[in-house]
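A.B. asks: sequence and computational prediction follow.
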Amino acid sequence: MTVFHLVRHAEHGLLGRVLTGRMPGVSLNERGREQALRLAQHFSGRAVAAVVSSPLERAQETAAPIAAALGLEVTTDAGLDEIDFGDWTGMAFEALQGVAEWQAWNQFRGTAPVPGGETMLEALGRALRCLGRWRRAVPDGEVVLVSHQDVLKAVLAHSLGAPLDLMQRLELGPGSCSVLQVFGDGGMRVEGTNILQ
């Protein structure tokens, strides 16, 4: 059995105001750095085999203290990258509220497209392939995966057998951790969500 610790990156200054998506240069703020250190303390002393992160700065900055506490290096995996929000990248959430496609995407995550970006289903697919790679690499151990809220919500919804349209019923705060067990036969069990929040 592989135990995946699904970590949402810690807080940054644009959180809740701007759809940052894959914007470069979005780093943790002071509170976010404190959250990352708290995560490092949480994992310190655990038998974690790997710390794997999205390529974006805020995820890398969350993963770095965790890896340091474990004596590991951060491995980057594009499967954990934020959703490609295409034309919406960098828009204020306030401005998006009046966009019909944005409303549809939030109601119908399983099917609604993102203009110039990727679908939720495409994002889930690459995240699950990432989990598959690390399940094979660490068939009996623990792995920390640092990613983004919606990507992790999609993985958890899939693990619970829930449609993507209902994934917003999950809450994953900045700097939180959820625990997913994956068994050799492909079975999955969610052990906890939004831990450390």
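C.D. replies: Received, thanks.

A.B. asks: so what's G90 up against?
C.D. replies: By Cβ atoms under 8 Å, 6 or more residues apart in numbering, G90 lies in contact with 18-21, 23. C-beta coordinates here come from the backbone N, C-alpha and C atoms, glycine included.

A.B. asks: helix, strand or coil for it?
C.D. replies: Three-state call for G90 (DSSP: H, G, I helix; E, B strand; the rest coil): coil.

A.B. asks: that one and V155: what is the separation?
C.D. replies: Distance, G90 to V155, by Cβ to Cβ, to the nearest Å: 25 Å.

A.B. asks: now swap in I83 and tell me
C.D. replies: Here I83 is placed at a distance of 12 Å from V155 (Cβ to Cβ).

A.B. asks: equivalent analysis for W134, please.
C.D. replies: 12 Å.

A.B. asks: one more: M188?
C.D. replies: M188 is 9 Å from V155, where distance means Cβ to Cβ.

A.B. asks: again with G175
C.D. replies: From G175 to V155 the distance is 18 Å (Cβ to Cβ).

A.B. asks: now do E57
C.D. replies: 22 Å.

A.B. asks: now P174
C.D. replies: 17 Å.

A.B. asks: for these two, indicate the residue with more neighbours.
C.D. replies: Between P174 and V155, counted using other Cβ atoms under 10 Å, the more crowded position is V155 (26 against 21).

A.B. asks: can you give me the helices for this protein?
C.D. replies: Taking DSSP state H as the test, the helices found in the chain are 30-43, 57-70, 93-96, 100-107, 120-137, 149-159.

A.B. asks: mind putting those helices in CSV, mean pLDDT included?
C.D. replies: Shown next, in CSV, are those (pLDDT from 0 to 100):
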stretch, mean pLDDT
helix 30-43, 98
helix 57-70, 98
helix 93-96, 96
helix 100-107, 94
helix 120-137, 97
helix 149-159, 97
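
A.B. asks: wait, E82 touches L56, no?
C.D. replies: Yes. With contact defined as Cβ atoms under 8 Å, E82 reaches L56; the gap is 5.9 Å.

A.B. asks: common neighbours of these two, please.
C.D. replies: Contact criterion Cβ under 8 Å, 6+ apart; residues shared by E82 and L56: 22, 148.

A.B. asks: for A47, what are its contacts?
C.D. replies: Residues near A47 by Cβ under 8 Å, 6+ apart: 141-142.

A.B. asks: which pLDDT value belongs to it?
C.D. replies: On pLDDT, A47 comes in at 94.

A.B. asks: and the most far-flung residue of the chain relative to its centre, how far from A68?
C.D. replies: The centre of the chain is farthest from one residue, G98, which by Cα atoms, centre = their mean lies 26.6 Å away. To A68, G98 is 44 Å away according to Cβ to Cβ.

A.B. asks: L164 and A154 touch, don't they?
C.D. replies: Yes. Counting by Cβ under 8 Å, A154 is a contact partner of L164 at 6.0 Å.
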